[in-house]
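Asker: I would like the atomic coordinates for the input below:
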Amino acid sequence: MKKRKHTMLPLIVMVLLAIALLRYLTSDEATDPTEMSYANLIQEINESETSKDLAVEYNSGTSEATVYNYYVNDAQKYYVAIPNEEIFLQFIQEQILSGKEFKFSIKNDASSVGETIGTIVMLVYISLVLIMVVGSFISLKKRMQSGPSSLMNIMGNGASHIEIIKESDICFEDVAGLDEEKAELEDIVDFLKNPEKYITLGAKIPKGVLLSGMPGTGKTLLAKALAGEAGVSFIATSGSNFVEMYVGLGASRIRDLFRAAEKNSPCIIFIDEIDAIGSKREKMSGSSEHDQTLEQLLVELDGFKSRNDIIILAATNRPDSLDPALKRPGRFDRKIEVNLPDVKGREQILGIHGKDKPFTEEVDFKALSYNTAGFSGAELANLLNESALIAAKKSLSAISSEEIEEALRKTTIGLEKHGRVISEKERRITAYHESGHAILGHLLETQNDIKEVSIVPRGTAGGYTLHNASEDHMYKSMKELQERLITLLAGRAAERIVFGDISTGASNDIEVATNLAKEMITIYGMDSEIGPISINNATASEIQIMGNEFFNSIGRKVAEMVKQAEEEATKVLNENRLFLDELSKLLLKNEKISTAELQELYQQISLKK
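Answerer: Take a look at the predicted model:
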């Protein structure tokens, strides 16, 4: 692609030079010194007492004298026109012979003429610059009248926001954990390779495919793999590249994108974060920049119906925010939800990202895949990369399970901080707090097994209770969520039982518990009085329909649910106070305990009862 010339750059440089010249001409160095009369000069010489008071420089070529007065701290400079050179030099000679001490020098040049010529040259230069500025603005105005595309060219935007890859080196075999999603795109690949097979049957290939899903699930990778599998060009951009302050520039960039697609067909157009330009239009928004950009995108999508060699893919994390006109069939005919990988998919992803890394024999990707439920493909890649970095710091030749476990804690909880100075009182608070979480997590049947409990600070946390990752499942029962609430508030409950006080250490637990209780009521309908009503993120009109009292009752129910969970946690911990004390002592001694140590301690205490 040809680079667009930045036509404004020379003009800007010339304007800056003109400003610099103007500053120079108006500075002290460029302005003429103050004029002094000939009579005043004679008086100054007569009154001068020492050579430090006065200095006179006479230029016989211009019949001018330059006088430097040193009476003040900063010498003042004067120009004096000499009416008669002979009389003036005779007067100076008499003063010198009489013993008057002052500096006097004579020179013979035409420097003033040179300065005058220099000034004229500067003025001519500035005049030329001003003429160019006026002419450029006239040209700018004419181009603006011819359309926003011309204006964009003037500003040097061009199509730099477009990335064109002639041959993508990524294929479907490089994408793991997305078997169903890849199957949805295989017919597009076949159509691009063998269009006659579909055209003879009157089949039309989907012109637009909308990929939606959480960040890091592989939407961009899937789009690149589609281009690589089909052997066509890949044109990528982001929705944010079309968001401009000036009305019309975003629409012009949309046109540039599709013109580039025509030149590089057959191809795949990929617009990442399309919600930046495709969000729902407001009814009263008028002709805003966002609306013009979206409408231009809709027009271009309609214009490509006759083309069978250009496919448009778009990705978003928020499909609900997109304008209905954008999602309708004929524009984005196919919608694919890119989900988080399941246990089998995670094992495959780990295999792909781990094939270029050396591992010890005990590393088991299948076991690791069970321990990373909820991880996206990007998070799994980052996990193995962090493991490799940790192994490199230790100067190891291969990555072991120990480095992977350390990377898992680092990416999920934070960096371990052994050097942080903690008082003994805070260590006891943390030990009892984490013991509360661990005991409830161990005793409640729906909660995952405890993997590790620690009072060593990590990230912003003073300690942590790490659970084994849950198995992949689509649903959570009401009992499971209720017991999750109890476990979250067990740390705060333990502090109150032991110290008769609570600390700020439970702030994150309270935040998570509050959000969970709110979801249980407003999304999952898990309150008998409120009932099965979904009112999450209610609009102003919905609030008006249901009434403020109804929403006030929801707030009271959320608070009541959280309070009941804390009371239940307090009850269970009081019943297992010995377990709480012994577990805290063990934590204070060892700082970390494993699931085996926790189970052994529980069995010992059970035998004592």
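
Asker: And the average pLDDT for the one helix or strand residue 430 maps to is what?
Answerer: Element membership of residue 430 [criterion: DSSP states H and E] is helix 424-443. Helix 424-443 shows a mean pLDDT of 94.

Asker: going on from it, what's the next piece of helix or strand?
Answerer: According to DSSP H and E, the helix or strand after helix 424-443 is strand 450-454.

Asker: neighbouring strands for that following strand, and are they parallel or not?
Answerer: Note on strand 450-454: by DSSP bridges, its sheet partners are strand 464-467 (antiparallel), strand 592-594 (antiparallel).

Asker: which residues are contacting the shortest one?
Answerer: So that's strand 592-594. The contact list for strand 592-594 (Cβ atoms under 8 Å, 6 or more residues apart in numbering) reads 451, 452, 453, 454, 455, 456, 583, 586, 587, 601. Heads up, the C-betas are built off the backbone N, CA and C, glycines and all.

Asker: What sits closest to the fourth one if chain neighbours are left out?
Answerer: Ranked by Cβ to Cβ, 6 or more residues apart in numbering and with sequence neighbours excluded, the top spatial neighbour of residue 454 is residue 592, at 4.4 Å.

Asker: Neighbours of that neighbour, how many?
Answerer: Applying other Cβ atoms under 10 Å, we find 15 residues neighbouring residue 592.

Asker: Also the one 10 residues further on?
Answerer: Burial of residue 602, expressed as a neighbour count using other Cβ under 10 Å, amounts to 18.

Asker: quick one: buried residues of the helix or strand hosting residue 564?
Answerer: Element membership of residue 564, judged by DSSP H and E, is helix 548-575. Within helix 548-575, the residues that count as buried by 16 or more other Cβ atoms under 10 Å are 554, 557, 558, 561, 562, 565, 566, 568, 569, 570, 572, 573.

Asker: again with stretch 361-370
Answerer: Neighbour-count burial for stretch 361-370, counted by 16+ other Cβ under 10 Å, picks out 363, 365, 368, 369, 370.

Asker: What separates the first and last residues of it, distance-wise?
Answerer: End-to-end distance for stretch 361-370: 18 Å, by Cα to Cα, to the nearest Å.

Asker: now do stretch 238-252
Answerer: In stretch 238-252, first residue to last residue: 15 Å (Cα to Cα).

Asker: go on, stretch 519-528?
Answerer: For stretch 519-528, the first and last residues are 14 Å from each other (Cα to Cα).

Asker: and the residue nearest in space to the middle of the chain, what is it in contact with?
Answerer: Residue closest to the average C-alpha location in the chain (Cα atoms, centre = their mean): residue 240, at 11.6 Å. Going by Cβ under 8 Å, 6+ apart, residue 240 touches 273, 276.

Asker: now do residue 91
Answerer: 42, 45.

Asker: How is this protein partitioned into domains?
Answerer: Domains of the chain are assigned by automatic domain parsing as 32-109, 163-337, 343-412, 424-608.

Asker: average pLDDT across stretch 98-117?
Answerer: For stretch 98-117, the mean per-residue pLDDT is 63.

Asker: one step back: mind listing what's buried in the helix or strand just after the helix holding residue 564?
Answerer: Sequence-wise, the next helix or strand downstream of helix 548-575 (DSSP H and E) is helix 577-590. By neighbour count on 16+ other Cβ under 10 Å, the buried set for helix 577-590 is 579, 580, 582, 583, 584, 586, 587, 588.

Asker: Quick one: residues in contact with helix 577-590.
Answerer: With Cβ under 8 Å, 6+ apart as the test, helix 577-590 has contacts from 427-428, 431-432, 434-436, 438-439, 453-455, 494, 497-498, 573, 593, 597-598, 601-602, 605, 608-609.

Asker: Now, of these, which are buried?
Answerer: Counted by 16+ other Cβ under 10 Å, the contacts of helix 577-590 give 427-428, 431-432, 434-436, 438-439, 453-455, 494, 497-498, 573, 593, 597-598, 601-602, 605 as buried.

Asker: Is residue 330 within a helix or a strand, and which one?
Answerer: Under the criterion DSSP H and E, no helix or strand holds residue 330.

Asker: rewinding a little: check the buried residues of helix 577-590 against residue 298 and report the nearest one.
Answerer: When the buried residues of helix 577-590 are ranked by distance to residue 298 (Cβ to Cβ), residue 587 comes first, at 60.6 Å.

Asker: Report the separation between that closest one and residue 213.
Answerer: With distances taken as Cβ to Cβ, to the nearest Å, residue 587 is found 40 Å from residue 213.

Asker: next one: residue 265
Answerer: Distance of residue 265 to residue 213, given as Cβ to Cβ: 28 Å.

Asker: So these two - more neighbours on which side?
Answerer: Neighbour comparison, residue 265 and residue 213: the larger count goes to residue 213, with 21 against 16 (by other Cβ under 10 Å).

Asker: Which is the succeeding secondary structure element to the helix or strand of the chain with the lowest mean pLDDT?
Answerer: Least confident helix or strand of the chain, by mean pLDDT, DSSP states H and E, is helix 148-154 with a mean of 43. Moving toward the C-terminus from helix 148-154, the next helix or strand (DSSP H and E) is strand 163-165.

Asker: average pLDDT for that next one?
Answerer: The model assigns strand 163-165 a mean pLDDT of 85.

Asker: Same question for it: list its buried residues.
Answerer: Under the neighbour-count criterion of 16+ other Cβ under 10 Å, strand 163-165 has 164, 165 buried.

Asker: which helices and strands sit right next to it?
Answerer: When contacts are defined as 3 or more Cβ pairs under 8 Å, 6 or more residues apart in numbering; DSSP states H and E, strand 163-165 packs onto strand 233-238.

Asker: Other residues contacting the strand it packs on?
Answerer: 161-168, 220, 223-224, 227-228, 257, 260-261, 264-273, 276.

Asker: Run me through the strand neighbours of it, direction for each.
Answerer: Counting by DSSP bridges, the strands paired with strand 233-238 are strand 163-165 (antiparallel), strand 267-272 (parallel).

Asker: CSV please, covering the ones you listed and showing distance to residue 352.
Answerer: Formatted as CSV, the strands paired with strand 233-238 follow (distance: least, Cβ to Cβ, whole Å):
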stretch, distance to residue 352
strand 163-165, 20
strand 267-272, 21
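
Asker: pLDDT weak spots in the stretch 101-250 of the chain?
Answerer: The model of the stretch 101-250 of the chain has pLDDT under 70 over residues 101-102, 107-119, 121-123, 125, 133, 135-160, 244-248.

Asker: all helices of it, in order?
Answerer: 111-145, 148-154, 179-193, 195-199, 219-230, 249-263 (DSSP state H, counting those that start in this stretch).

Asker: For the fourth one, name the packing helices and strands.
Answerer: Which is helix 195-199. Where contact means 3+ Cβ pairs under 8 Å, 6+ apart, helix 195-199 is packed against helix 179-193.

Asker: The helix it packs on to helix 219-230, inter-axis angle?
Answerer: Interaxial angle of helix 179-193 relative to helix 219-230 (axes from the mean of the first three to the mean of the last three Cα atoms, to 10 degrees): 40 degrees.

Asker: For helix 179-193, which helices and strands make contact with it?
Answerer: In terms of contacts (3+ Cβ pairs under 8 Å, 6+ apart), helix 179-193 is packed against helix 195-199, strand 208-212, helix 219-230, strand 334-337.

Asker: can you pull the contacts of residue 41?
Answerer: Contacts of residue 41 (Cβ under 8 Å, 6+ apart): 56, 65, 67, 78, 80.

Asker: try 10 Å
Answerer: Taking Cβ atoms under 10 Å, 6 or more residues apart in numbering, we find residue 41 in contact with 54, 56, 65, 67, 78, 80, 81, 82, 88, 91.

Asker: Kindly confirm my reading that the second one forms part of a strand.
Answerer: Yes - secondary structure of residue 56, determined by DSSP: H, G, I helix; E, B strand; the rest coil: located in a strand.
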